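Engineer: here is a sequence with its predicted model. Questions after.
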Amino acid sequence: MEIILKETIETLGLEGEVVKVKPGYARNFLIPKQKAVLVSKASLAQLEKEKQAIAARLAEQKKKAEGLAAQLEGKIITLAKRVGDENRLFGSVTNNDIAVALQAAGIAVEKKAIVLSEPIKTIGEYKITIKTGYQTTGSVQIQVVPETIGDAQ
């Protein structure tokens, strides 16, 4: 089934693109959530009228994503966590911990945009990838250090 995307969907494509998807996905998810419309003469004519506005929005989104990625590059975030034997953490460092630390540093990032290949369970330095926009990523250095007695709340 061919549809026109009304917004950028990372797994499908950019806003304004005509893509083929399975009929159930289109009928049950994309169209009811108004993320896409069926391809028809009227919808294609509407798409042609809106092409410039869509291009401008996509350029703005790309500019914002690249700006956020530039902000993230070279950033070092230190997280103090309680540790046990052999410098293993009690629990692990989660996406939420990283998002809160970045928020405190003045960078607003959604926790679902943070890509952790595996949970961080030991102290050390880690390079974390963060999705900043469609096909754009940035990375940040995370230092996990042992929490000292004075840090405990």
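Structural biologist: Perfect, thanks for sending it.
Engineer: SS state for F29?
Structural biologist: helix (DSSP: H, G, I helix; E, B strand; the rest coil).
Engineer: which residue packs closest to it, ignoring adjacent ones?
Structural biologist: Excluding its sequence neighbours, the residue lying closest to F29 (C-beta to C-beta, 6 or more residues apart in numbering) is K35, at 7.6 Å. In short, each C-beta sits where N, CA and C put it, glycine included.
Engineer: now do the contacts for the one you found.
Structural biologist: L5, K6, E7, I9, F29 (C-beta atoms under 8 Å, 6 or more residues apart in numbering).
Engineer: ok, 10 Å please
Structural biologist: By C-beta atoms under 10 Å, 6 or more residues apart in numbering, the residues touching K35 are I3, L5, K6, E7, T8, I9, L12, E15, A26, F29.
Engineer: cool, K75 as well?
Structural biologist: Contacts of K75 (C-beta under 10 Å, 6+ apart): L102, A105, G106, I107, I130, G138, S139, V140, Q141, I142.
Engineer: of these, buried ones?
Structural biologist: Buried members of these, scored by 16 or more other C-beta atoms under 10 Å, are L102, I107, I130, G138, V140, I142.
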